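1. sequence first, predicted model second:
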Amino acid sequence: MARYLFLMECEKGKEEEYIERHKAVHPELLEALKEVGITTYSIFMDGNQLYAYMEVDDYHRAMKKLENNPANRKWQAFMSDILSMDEKGDPKMYLIDQEVFRLN
């Protein structure tokens, strides 16, 4: 199982709203995440900076499958007003996929 970290940010002043929305993630999105092979997914917050950790066999394949999933599209639209977005209207994300140390 591969491990990935990616960085995002929510809009300044929207931190509490981000937290509140994640207290009730849509059940159909949770199911979609599992269906594409994501076994672990955590998001940490420091101010408006978001650090997401994910375990999945193939991150890129999983994201491709989620891209057109109705539950994911609904969630992305729901979150688009509080996340920093890129010029294409997608959440700004920076993927870190080089793990250099692990203690098991």
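-> All right, it came through fine. Numbers count the residues shown, from 1 in each chain.

2. can you give me the helices in the protein?
-> 15-21, 27-35, 59-67, 70-79 (DSSP state H).

3. contacts for the second one?
-> Think helix 27-35. For helix 27-35, the surrounding residues in contact (CB atoms under 8 Å, 6 or more residues apart in numbering) are 41, 65, 66, 69, 70, 71, 72, 74, 75. Any C-beta I mention is one placed from the backbone N, CA and C, and that applies to glycine too.

4. pull the most distant pair out of these.
-> Taking every pair in the contacts of helix 27-35 and measuring CB to CB, the maximum separation is 18.9 Å, between 41 and 70.

5. centroid residue for the chain?
-> Nearest residue to the geometric centre of the chain (CA atoms, centre = their mean): residue 52, 6.1 Å.

6. just the pLDDT for that one.
-> The model reports residue 52 with a pLDDT of 97.

7. for it, name its beta-bridge partners.
-> For residue 52, the beta-bridge partners under DSSP bridges are residue 6, residue 43.

8. my guess is it contacts residue 40, does it?
-> No - contact criterion CB atoms under 8 Å: residue 52 and residue 40 do not qualify, at 10.8 Å.

9. just checking, residue 38 touches residue 52?
-> No - applying CB under 8 Å as the test, residue 38 and residue 52 come out as separate, 10.9 Å apart.

10. so which of the helices of the chain gets nearest residue 94?
-> Checking the helices of the chain against residue 94 by CB to CB gives helix 59-67 as the closest, at 13.1 Å.

11. which strands and helices sit next to that closest one?
-> Helices and strands touching helix 59-67, by 3 or more CB pairs under 8 Å, 6 or more residues apart in numbering; DSSP states H and E, are helix 27-35.
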